[in-house]
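Q: take this sequence and fold it.
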Amino acid sequence: MNCDTAAAISLLNAGAVRTRARHLLKLGLEDKLPNFRVDLSRLGDTVDLVVTTMRKNYPTLDMPFHARWRHFVVGGVSRYDRLATAAGSAEPPVRARSAFDLAIVSVLLDAGAGPQWRYRDAATGKSFGRSEGLALASLDMFARGAFSSDIKDPMRADAAVLAKLDAEALQRAFQVTNANPLVGLEGRAELLRAVGRLSAARPDIFARNDRPRPGGLFDHLVAKANDDSIAAPLILSELLQQFGPIWPSRLTLGGVPLGDCWRHSAMVTSDSTTNLVPLHKLSQWLAYSLIEPLQQAGLTVTDIDGLTGLAEYRNGGLFVDTDVLALRDAKQAGRKHDVGSELVVEWRALTVALLDLLAGAVRDRLKLDAAALPLAKVLEGGSWAAGRAVAFSRRADGAPPIKVISDGTVF
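A: Sure thing, here's the model as predicted:
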């Protein structure tokens, strides 16, 4: 392994995300960043909002982890659990592979919908936007066997089917029209095709006990477990290394795809990773979402706080809308920014570091420790929901305070 390859692999983990995000926050607190000012004196207001949101949504503070599974709950009922129960009893590994298939496909489709798109739920007649709508649309596709090669076994995602998925199929399933546009449709379809090709090409990873499918990663992770125990950061590292090739037109180093990793001039190091800021938002969202299927299959998942907060527009918008972060040039709020721009990279990295501070302050306020209130619960109970609530209170369409040009593969 050459030096650049080793350096690249050093960025494919949660520790690298946290370390580099904290470095940029340190520079922000020294007023040395080009795009944002950081005002921690306003963090108390953010904490107030998050705690209020937590108590409203979870009066007993018994919050689940932040995961894709929460978006499958409609009217207090988990649509996925109902489908899995209706499908009949299955051995834990069989159900886990199916859950992995759904989580992987659904999370990769959940990269920001834009403010206009809505999904009409046939069961209730209600319309859902953004993450909730994307979740229901993907679950409905999964339930009717749109990703399966076996009509008798619909609740699976086979590599051969994913590899041939076209944008038109997603357009129909997601109810996309000129009047109901969904940003990044082709980007989402290509991500799933890439997952299909990759799963088919790596039977040693994705077909240990079944035909090739992304859910075969469950068996790979089981093999990595030690005494039926696996650390959450290891789940992420495996996701980053195994799915690295699926990401389009991204940076590579030493021949290694870096995924959701971008350049920022203030991130200076003495090796070939200088200026590189890893964020791995969708991969971490997926890592959080794989914890419950692993637990349900009998594994113990440790060090969940080893994962970081998610560098996305709801958490990031929370800090902008509560004035912890302020643009140096206020006019930038009215402009659209490429996801790889220094402004967006800076915003996202500061979000990751500030979420750690927020979680600590929320624990102090509620007199709970990290074991009782891990970051994954702070994200679910408060920061994401609070970010959305404050966005709607400030902007009629609930859009984030900073406009990002999305290709459907980042947020």
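Q: give me the neighbour count for Leu109.
A: By the criterion of other C-beta atoms under 10 Å, Leu109 has 24 neighbours. The way it works is simple: take the backbone N, C-alpha and C, and place the C-beta from them, glycine included.
Q: now Pro115
A: 16.
Q: and for Ser148?
A: So Ser148, with other C-beta under 10 Å, has 19 neighbours.
Q: now swap in Asp140 and tell me
A: 18.
Q: where's it, which helix or strand?
A: Using DSSP states H and E, Asp140 sits within helix 130-143.
Q: what's the answer for Gly317, then?
A: With DSSP H and E as the criterion, Gly317 is inside helix 313-321.
Q: buried set for that helix?
A: By 16 or more other C-beta atoms under 10 Å, the buried positions in helix 313-321 come out as 313-321.
Q: likewise for stretch 65-85?
A: 65-72, 74, 79-80, 83-84.
Q: just how off-centre is it within its chain?
A: Centroid separation for stretch 65-85 versus its chain: 17 Å, with C-alpha atoms, centre = their mean, to the nearest Å.
Q: who does the top helix by length along the chain touch, helix- and strand-wise?
A: Using DSSP state H, we find that the single longest helix of the chain is helix 342-366. Other elements packing on helix 342-366 under the criterion 3 or more C-beta pairs under 8 Å, 6 or more residues apart in numbering; DSSP states H and E are helix 14-29, strand 36-38, helix 43-57, strand 261-263, helix 313-321, strand 325-327, strand 336-338, helix 375-378.
Q: so which bits of the second one are buried?
A: Along strand 36-38, these residues count as buried under the neighbour rule (16+ other C-beta under 10 Å): 36, 38.
Q: quick one, which of the helices and strands packed on helix 342-366 is nearest to Ala99?
A: With C-beta to C-beta, the closest approach to Ala99 among the helices and strands packed on helix 342-366 belongs to helix 375-378: 17.3 Å.
Q: re earlier: now the helices and strands packed on helix 342-366 in CSV, with mean pLDDT and distance to Val301?
A: What follows is the helices and strands packed on helix 342-366, written out as CSV (pLDDT from 0 to 100; distance: least, C-beta to C-beta, whole Å):
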stretch, mean pLDDT, distance to Val301
helix 14-29, 98, 14
strand 36-38, 98, 33
helix 43-57, 97, 23
strand 261-263, 96, 25
helix 313-321, 96, 22
strand 325-327, 98, 32
strand 336-338, 95, 36
helix 375-378, 95, 10
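Q: out of these, which is closest to Ala8?
A: It's strand 261-263; of these, that one is closest to Ala8 (C-beta to C-beta) at 9.1 Å.
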